[in-house]
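**Student:** Could you look at this predicted model? Sequence included:
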Amino acid sequence: MRRRGDIKGAELLRELALDVRWSWNHAADVIWERLDPALWRMTHNPWLLLQTISQDRLRAALSDPAFRKKLSELAKARRSDAFSPAWFQKAYPGSDLSSVAYFSMEFMLSEALPVYSGGLGNVAGDQLKSAGDLGLPVTGVGLLYQRGYFRQAIDGDGFQQAYYPYNDPGQLPVSPMREPDGEWLRLLIPLPGFPLWLRAWEVRVGRVRLLLLDSNDPANHPAHRSITSELYGGGPELRLKQEMILGLGGWRLLRAAGLNPEVCHLNEGHAAFAILERARDFMEESGRSFETALTVTRAGNLFTTHTAVPAGFDRFPPSLVAGFLGPYAEKKLGISLKDFLALGRQNPDDESESFNMAYLAVRGSGAVNGVSSLHGEVSRRIFQPLFPRWPQSEVPVGHVTNGVHMRSWDSAHADKLWSEIGGKERWRSETEEIAGAIRRIPDAKLWEMRSATRKSLVEYARERLSLNLTLSGAPRQEVERAKRLFDPEALTIGFARRFAAYKRPNLLLSDPERLARLLGDPRRPVQLIIAGKAHPADEPGQALIREWIRFIRRPEVREHAVFLSDYDMLLTERLVQGVDVWINTPRRPWEASGTSGMKVLVNGGLNCSVLDGWWAEAYAPELGWSLGDGVEHDDDPSWDAADAKALYDTLEREIIPGFYDRGRDGIPAAWISRIRESMARLTSQYSTKRSVREYAERHYLPAASAYLRRAREAGALGERLASWRRELERQWGLLRFGARSVRTSGARHDFEIEVHLGDLDASWIGVELYAEPRGGLRPFCAEMERARELQGETGRNIYRASVPADRPATDYTARVVPRFTEAAVPLENCRILWQEI
């Protein structure tokens, strides 16, 4: 029998199937559907499909001239995309940026590659996809989990059951990485007692790659083979080992692959050990100390935090870190265990304090950002203890609001509509062009698209629910009823997310009787689709799921609401494509950004959400609906009750009537107006095309240049920066303020401040006047000029500044801060001295 690869044309199918870009590109849907419609609909996994179908079926498809022509066109388009200049090549030819390493614990790229849990992986996957679209030289680094995150089933009593099916690499779109001689690329990481061998894999994502490591090597001790078995499973020791593999092993993998990135982007603190390994690598190349090497390399590191509460950061007991990383600190980095642990502590002298991965990430990066404007504020508050006496507004954490890869989440119907108005390159067009085209779409065309996507969702919900019921052993009549569930013309609301207390997934269930009445109104029917998982260790979260199951199984509700189990990427796609309204009810400000609501934008869905994360920036009354007052109330039960009432009122008085308020043509004109404005104003703004370009221009390009400047001449500038920091530490205690005088004339206050510098070089510090926010006035900071040096005592100087008199002179306080041309202050040196008044 001829091998599958010998069938003419099979190599082109293999080429497409091993590039996960073609699992979400609608242009290839016809290919995969032709080979096996049922399997494609169920898995959206081209590689699995290609491995599963018979040779006869494959040969029959490839003997069809139309099929071969389409396949040839797709293969040609893939190769053209890989080599044609994209945004980055056109906008920044000859830039310093040649390589970015993007580290993440999880990547949601395709249902074909289940190495994700939820939001963090969603952001990583979508940003990697857009990096490829934009031509950015980004390489993803992650882990290949044997079982990944758990799969969910709901039993007959409404209890969540967790399953961990094995991810057979042969059924995944991954390829072993090879040495030049063809041998499998394997890395060795020392662990106490036994060495750890890591196998290296590669995933093609259009013009970029994702590199993955796994520990399931036969040469490993049995306990080590399972280190990369589960995502977010096990206890602190397993998590520490996984993060050592991701950080230490991940950087070594990049170097083994021939890459030496200028920029290392840490998507959360899990990968912070990459900071240390990158510094060690530079130590080896340059012969510099760890202090200098870290000073050089941190300029090229970017830390993105997604955590909205301090408890969300990974922390490890000092003894555990000492056992696994003590020898690495002393032998490889040349520093003491105490100095190593200090990198992850607020108080270096507190021997009982845990090792915080986020603290390590902050202390090893040249920039830090949150993932929405509000989250940036929250993060500045969280990290303020690392910058004592600095105003919260000056804690060095910015923000880049998340986006989503719209091409991954649009339905075939939406894709067709967008293609008609913007062509295949629409997501590379400027925002204004897209917005104008959307506003010119007739109401009837938008409503036709929405009706078609809702119908597709209803059909999918019927199919998925009937399959779930069959697998759970439900009676035949219940399975048959599921096949007739829902009305394709009825208002369809979606609510899906991780079931955790702070997300308040049961806020909509606060008044079950009122909700049942809303759903069951025969004149204006509403149907509700719920989905989501609770972590297997989260009993309260699982109890929230059971509450929904009990409600949905009530006789008067079961025709109008459904819980679809095993919330995964495929289910997410279908939900965001088909729902009319997406509801989100987190407790502000605990939703750092949120991306689920962004995914409905491209499909004409509307958002009803608490003013948290991205929606706090995006909301306007003509775009959707808001909940809450935009203020934090912690976990106040009375405020939960107020939010629940507001949600019911909004549904009853605005959303439901708005959907059913039809003109003579049967179209809800006001509803369509909201859809049109939402699509026009928000779709491009909350896409990864915008967010990844923002990362490139605000962070990657400046970071690459800064790192290269510090790295020149074996890190000479880095050594000068390290010397500056040491000298400031030695002499800072000798700095003091002297006399202060102020003269007010008209609209100005003129200050003169005496500062005693001792032997310290005046160019190494800055003297500033600072005023806190007051009465509607923003914080104010002005540089003071060194006017003259006084005779007598060495280093006695007068500093002068003229500032606005729009506030009392007593509001202004002088301060001394570190100053060096290339240093990021206070990120790299957080010393500060305030004048006592």
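**Tutor:** Yep, that arrived.

**Student:** tell me the mean pLDDT for stretch 199-210?
**Tutor:** For stretch 199-210, the mean per-residue pLDDT is 96.

**Student:** hmm, I was thinking of stretch 573-587
**Tutor:** pLDDT averaged over stretch 573-587 gives 96.

**Student:** Now do that stretch: distance to the chain's middle.
**Tutor:** Remark: stretch 573-587 is offset 18 Å from the chain centroid, using C-alpha atoms, centre = their mean, to the nearest Å.

**Student:** Now do the end-to-end distance for it.
**Tutor:** Using C-alpha to C-alpha, to the nearest Å, one end of stretch 573-587 lies 25 Å from the other.

**Student:** quick one: buried residues of that stretch?
**Tutor:** Residues of stretch 573-587 classed as buried by neighbour count (16 or more other C-beta atoms under 10 Å): 573-587. For glycine as for every other residue, the C-beta is placed from the backbone atoms N, C-alpha and C.

**Student:** just stretch 285-295 next, same as before
**Tutor:** Those would be 286, 288-295, for stretch 285-295 by 16+ other C-beta under 10 Å.

**Student:** so how far does it reach from one end to the other?
**Tutor:** End-to-end distance of stretch 285-295 (C-alpha to C-alpha): 15 Å.

**Student:** how many neighbours does T821 have?
**Tutor:** 9 (other C-beta atoms under 10 Å).

**Student:** Oh, that last question was meant for S372, not what I typed.
**Tutor:** Residues contacting S372 under the criterion other C-beta under 10 Å number 27.

**Student:** still on that earlier bit, can you tell me which of the buried residues of stretch 285-295 is closest to G604?
**Tutor:** L294 (49.0 Å; C-beta to C-beta).

**Student:** In contact with the closest one, which residues?
**Tutor:** 275, 279, 364 (C-beta atoms under 8 Å, 6 or more residues apart in numbering).

**Student:** Narrow the residues you listed to just the buried residues.
**Tutor:** 275, 279, 364.

**Student:** will you turn the residues you listed into TSV that also has secondary structure?
**Tutor:** Converted to TSV, the buried ones among the contacts of L294 look like this (DSSP: H, G, I helix; E, B strand; the rest coil):
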residue	secondary structure
I275	helix
A279	helix
G364	coil
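
**Student:** and the strand or helix carrying G376, what does it pack onto?
**Tutor:** Secondary structure assigned from DSSP states H and E places G376 in helix 373-383. With contacts defined as 3 or more C-beta pairs under 8 Å, 6 or more residues apart in numbering; DSSP states H and E, the packing partners of helix 373-383 are strand 367-370, strand 398-399, helix 613-618.

**Student:** about what we covered before: which one of the buried residues of stretch 285-295 is nearest E652?
**Tutor:** Distances from E652 to the buried residues of stretch 285-295, taken by C-beta to C-beta, are shortest for L294, at 57.9 Å.

**Student:** mind checking how far the closest one is from P65?
**Tutor:** L294 sits 61 Å away from P65, going by C-beta to C-beta, to the nearest Å.

**Student:** for M598, same thing?
**Tutor:** Counting by C-beta to C-beta, the gap from M598 to P65 is 41 Å.

**Student:** cool, D350 as well?
**Tutor:** Relative to P65, and taking C-beta to C-beta, D350 is found at 73 Å.

**Student:** for R147, same thing?
**Tutor:** R147 is 43 Å from P65, by C-beta to C-beta.

**Student:** can you confirm I583 is in a helix?
**Tutor:** No: using three-state DSSP, the secondary structure at I583 is strand, not a helix.

**Student:** residues touching it, list them.
**Tutor:** By C-beta under 8 Å, 6+ apart, the neighbours of I583 are 493-495, 508, 608-609, 647.

**Student:** okay if I get the helices and strands packed on helix 373-383 as CSV plus distance to A716?
**Tutor:** Below are these laid out as CSV (distance: least, C-beta to C-beta, whole Å):
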stretch, distance to A716
strand 367-370, 22
strand 398-399, 29
helix 613-618, 43
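
**Student:** Those into JSON lines, with extra columns for mean neighbour count, mean pLDDT and distance to G630?
**Tutor:** Shown next, in JSON lines, are the helices and strands packed on helix 373-383 (neighbours: other C-beta atoms under 10 Å; pLDDT from 0 to 100; distance: least, C-beta to C-beta, whole Å):
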{"stretch": "strand 367-370", "mean neighbour count": "24", "mean pLDDT": "98", "distance to G630": "17"}
{"stretch": "strand 398-399", "mean neighbour count": "19", "mean pLDDT": "98", "distance to G630": "17"}
{"stretch": "helix 613-618", "mean neighbour count": "25", "mean pLDDT": "97", "distance to G630": "7"}
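
**Student:** out of these, nearest to A329?
**Tutor:** Per C-beta to C-beta, nearest to A329 of those: strand 367-370, 23.4 Å.

**Student:** Which residues does the closest one contact?
**Tutor:** Residues outside strand 367-370 that contact it (C-beta under 8 Å, 6+ apart): 301-306, 361-362, 376-379, 383, 396-400, 592, 699, 703, 824, 827.

**Student:** That strand pairs with which strands?
**Tutor:** strand 301-304 (parallel), strand 398-399 (parallel) (DSSP bridges).

**Student:** Follow the chain on from the shortest one and name the next helix or strand.
**Tutor:** Think strand 398-399. Using DSSP H and E, the helix or strand that follows strand 398-399 in sequence is helix 406-409.
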